[in-house]
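J.: A structural model of the following input is requested.
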Amino acid sequence: MDARLPSLEFEHSWFLRFLADVIAPPSSLVALLGQEQATIPDVLLARTERFPDDTFLIWGTERWSNAEALAEIGRVAGLLERLGAGSRSRVVSVLTNQPAAIWSWLGTLWLGSEYVPLNHHHRGAILEDMLSRSRARILVTESSALPWLPALRETAVETVILVDPTGAEVESVVAFNSPAEVREQPAPVRPGDTACVLYTSGTTGRSKAVLVSHNQVVRGAARLVDAFGLRADDVFHNWLPLHHLGGQLHMTTTALIAGGAVALFPTFSRRRFWSEVAQARATVFCGFSAILQMLMSQPESELEKNNTLRVGIIAGIPAPIHDAFEKRFGLVIGENYGGTEADPLTAAGVAAPPPRGSFGNAAADFELAVVDEHDNPVAPGNIRQDVARPLVADVMFSGYEDDPRATLDAWRNLWFHTGDLATQDEDGFFYYKGRLAHAIRRRGENISTFELEQIVRSHPGVNDCAAVGVPSVLGEEEVKLVVSLNPRTYLEPEQLRDFCAERMAKFMVPRYIEIIDTLPYTPLGKLDRKALSTVSPETWDGGEIR
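T.: Model prediction:
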């Protein structure tokens, strides 16, 4: 059964066509292509034709110009074509961040195929399930992944392309650098055609396969270019993985549209960050709120004092450190809000920043609202789920593949339900209040982990923290607080409990408190709450609330 949304046919209605006529298109995209809808190959071709010698990719000491990059992309497209890939077929990858990951992604799209990049951290049944669901006949991977790849005979994969052939015995292996006829021109695709299938994190169940179009990536990136004032002389520090929309849209495609260069790194490192920035002379960085906390926790250094960064594209800037971060590092940071299904839903940018703590108001291509459980808008100040819908065609995902029930549920009443809690003020600005799935239910009260954590982070001795719900013998949940402290700080759990009791409702005060050296984060920089959601005999217990 096709998971694409029958309800999305409204995108072609007279009303949407009317709105499209009055919504200003992304100026950066129009300047590059003379049109407001495009495919990723369109952008590649236009950028290379106009500026063939400008730098596109930086990897350590290696550099590729736009023309050299396009030749590599065309060669990979030719190799895939020789191996049987073609229009609307699938290529799946299991790769770390490296140039081959960019060539595989863009080479697949150049051929008119659909790219399915998988998180290289997956193992076992999850990885086998995703490989099977990809329906891809060609897998691009690296030798380090071979030990944990599942039996490929259980999937559709017939050919494995190794980006670093080692002589390992794998059936039907082809070397990534095998000679191939360069495909000079891209295959014909439309802006609304699927470019990638990206898997969500699966925090509330089995990972969903999100169908992402070319135009969703291109137009979203152009909106960021406009909002953040990104330029042709920018160098984008990209640690975000290329199996994630952040690595594809926020960094690589924005660089293509702005005309800048991508400095690619394997992962985020708080200890190497400033030396990487200096090495690449990076001017733009991107990420989640956690990386701001990590960088602020590091001792001051000479490298940070003379850094070349000028702007950061950040999801969820903590209001208490916004100004302090900008002052310490001599740059500006701006809010971006969205997800795999649609991004950016807001792009507050840096020219007209919203109030501190707000993620802005709706981006030009979307309508946003905060609604109750019946999808009725709520009054300003109420914390409920935020929802979105497009005002122009092909700027949102077209559905969850093979999951029509989840697709229709997410799109009930013609609103896409983000799963986030938010509130809106009288001036129309939105404020993030955490994930609906992370809210803690205690004694009949709903607790926003986001708000609880903000209060705890205001303690001068706290470096980082997380609040999670753990099962209660009385039903519902108890609150567990996990904290890491600043250097040379000593705090007892009782002191933290008392600090909380003075600043929050009694039902929010944590029962369990655990102090650890470092909180666990995923490779994307998101907090790994699952790793914190157990109570051991050593966990401090303040007893039931009374």
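
J.: drop to CA atoms for contacts and neighbour counts, all remaining ones
T.: Noted.

J.: give me the number of residues near P380?
T.: P380 has 15 neighbours, counted by other Cα atoms under 10 Å.

J.: how about it, what does it touch?
T.: 423-426 (Cα atoms under 8 Å, 6 or more residues apart in numbering).

J.: can you tell me which of those is nearest T346?
T.: If you rank the contacts of P380 by distance to T346 using Cα to Cα, Q424 comes first, at 13.1 Å.

J.: list the contacts for the closest one?
T.: 370, 380-382, 430-431.

J.: mind checking which of the residues you listed are buried?
T.: Among the contacts of Q424, those classed as buried by 16 or more other Cα atoms under 10 Å are 370, 382, 430-431.

J.: which of those sits closest to A221?
T.: Distance to A221 across the buried ones among the contacts of Q424 (Cα to Cα) is lowest for F430, with 21.3 Å.

J.: quick check on the closest one: phi, psi?
T.: F430 adopts backbone torsions of phi -100, psi 150, taken as degrees, to the nearest 10.

J.: thinking it is in contact with D420, fair?
T.: No: counting by Cα atoms under 8 Å, F430 stays clear of D420, with 11.5 Å between them.

J.: can you list the domains in the protein?
T.: 6-423, 439-541 (automatic domain parsing).

J.: make JSON lines from those and add mean pLDDT to it.
T.: Below are the domains of the chain laid out as JSON lines (pLDDT from 0 to 100):
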{"stretch": "domain 6-423", "mean pLDDT": "92"}
{"stretch": "domain 439-541", "mean pLDDT": "89"}
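
J.: winner for burial among the ones you listed?
T.: Comparing the domains of the chain by mean neighbour count (mean count of other Cα atoms under 10 Å), domain 6-423 ranks first with a mean of 19.

J.: once you drop chain neighbours, what's closest to the residue positioned nearest the centre of the chain?
T.: Relative to the mean C-alpha position of the chain, the nearest C-alpha, by Cα atoms, centre = their mean, is the one of G246, at 4.0 Å. In space, and not counting its chain neighbours, G246 is closest to L240: 6.0 Å by Cα to Cα, 6 or more residues apart in numbering.

J.: contacting residues for the one you found?
T.: Shown in contact with L240 (Cα under 8 Å, 6+ apart): 246-247, 267-268, 286-287, 524.

J.: that one: which element?
T.: Using DSSP states H and E, L240 falls within no helix or strand.

J.: and it, how far is that from Q216?
T.: L240 sits 18 Å away from Q216, going by Cα to Cα, to the nearest Å.

J.: now W411
T.: Taking Cα to Cα, one finds W411 at 17 Å from Q216.

J.: now do the contacts for the residue lying closest to T283 once chain neighbours are set aside.
T.: Residue nearest to T283 in three dimensions, not counting chain neighbours: L309, with 3.8 Å by Cα to Cα, 6+ apart. By Cα under 8 Å, 6+ apart, the residues touching L309 are 277, 281-285, 330-331.

J.: so which of the residues you listed sit within helices?
T.: Under the assignment DSSP state H, those contribute V277 to helices.

J.: among the contacts of L309, name the ones in strands.
T.: Among the contacts of L309, DSSP state E puts 284-285 in strands.

J.: closest one of the contacts of L309 to Y400?
T.: Checking the contacts of L309 against Y400 by Cα to Cα gives F285 as the nearest, at 29.8 Å.

J.: from memory the closest one sits against L230, does it?
T.: No: using Cα under 8 Å, F285 makes no contact with L230, being 11.1 Å away.

J.: checking A145 next. Helix, strand or coil?
T.: Secondary structure for A145, judged by DSSP: H, G, I helix; E, B strand; the rest coil, is helix.

J.: biggest helix in this structure by residues?
T.: Secondary structure of the chain per DSSP H: the longest helix is helix 66-82.

J.: list of residues touching stretch 296-304?
T.: Contact partners of stretch 296-304, identified using Cα under 8 Å, 6+ apart, comprise 270-271, 274-275, 278, 325, 329, 463, 486.

J.: helices of the stretch 301-450 of the chain, start to end?
T.: Listed in chain order, the helices of the stretch 301-450 of the chain (DSSP state H, counting those that start in this stretch) span 302-305, 319-329, 404-410, 449-457.

J.: what's the last one in contact with?
T.: Contacts of helix 449-457 with the rest of the structure, by Cα under 8 Å, 6+ apart, involve 318, 433-434, 438-440, 462-468, 500, 503-504, 508.

J.: repeat the analysis, applying 7 Å as the threshold.
T.: With contact meaning Cα atoms under 7 Å, 6 or more residues apart in numbering, helix 449-457 is reached by 433-434, 438-440, 463-467, 500.

J.: and these, which of them are in strands?
T.: Filtering the contacts of helix 449-457 for strands - DSSP E - leaves 433-434, 440, 463-467.

J.: and of the residues you listed, the nearest to L139?
T.: L139 lies nearest to G434 out of these, by Cα to Cα, at 36.5 Å.

J.: D517 contacts S484, doesn't it?
T.: Yes: using Cα atoms under 7 Å, D517 is in contact with S484, at 5.3 Å.

J.: got a list of what T518 touches?
T.: Contacts for T518 (Cα under 7 Å, 6+ apart) come out as S484.

J.: distance of E302 relative to W274?
T.: Between E302 and W274 the computed distance is 9 Å (Cα to Cα).

J.: now do the SS call for R488.
T.: Going by three-state DSSP: R488 is coil.

J.: over to Q279?
T.: The assignment at Q279 comes out as helix when based on three-state DSSP.

J.: settle this for me: A278 is touching N307, isn't it.
T.: Yes: counting by Cα under 7 Å, N307 is a contact partner of A278 at 6.5 Å.

J.: one step back: ok so the residue nearest to the centre of the chain is a helix residue?
T.: Yes: assessed with three-state DSSP, G246 lies in a helix.

J.: how about the strands in the stretch 401-546 of the chain?
T.: 416-424, 430-435, 440-442, 445-447, 462-471, 477-485, 512-515, 540-541 (DSSP state E, counting those that start in this stretch).

J.: quick one: closest of the ones you listed to T407.
T.: Closest approach to T407 among those (Cα to Cα): strand 416-424, 9.2 Å.

J.: would you put the C-alpha positions of stretch 304-321 in PDB?
T.: Written as PDB, here are the backbone C-alpha positions of stretch 304-321 (Å, rounded to 0.1, in the frame of the first residue of the first chain):
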ATOM      1  CA  GLU A 304      39.000  30.100  20.400                       C
ATOM      2  CA  LYS A 305      40.000  33.800  21.000                       C
ATOM      3  CA  ASN A 306      41.200  34.100  17.400                       C
ATOM      4  CA  ASN A 307      38.600  31.900  15.700                       C
ATOM      5  CA  THR A 308      37.200  32.600  12.200                       C
ATOM      6  CA  LEU A 309      33.600  31.600  12.900                       C
ATOM      7  CA  ARG A 310      31.000  34.300  12.200                       C
ATOM      8  CA  VAL A 311      27.600  32.500  12.500                       C
ATOM      9  CA  GLY A 312      26.000  29.400  13.900                       C
ATOM     10  CA  ILE A 313      22.800  27.700  12.800                       C
ATOM     11  CA  ILE A 314      21.500  26.100  16.000                       C
ATOM     12  CA  ALA A 315      18.400  24.100  17.000                       C
ATOM     13  CA  GLY A 316      17.300  25.000  20.500                       C
ATOM     14  CA  ILE A 317      19.600  27.800  21.800                       C
ATOM     15  CA  PRO A 318      19.400  27.800  25.700                       C
ATOM     16  CA  ALA A 319      18.300  31.300  26.600                       C
ATOM     17  CA  PRO A 320      20.600  31.600  29.700                       C
ATOM     18  CA  ILE A 321      23.800  31.100  27.600                       C
END
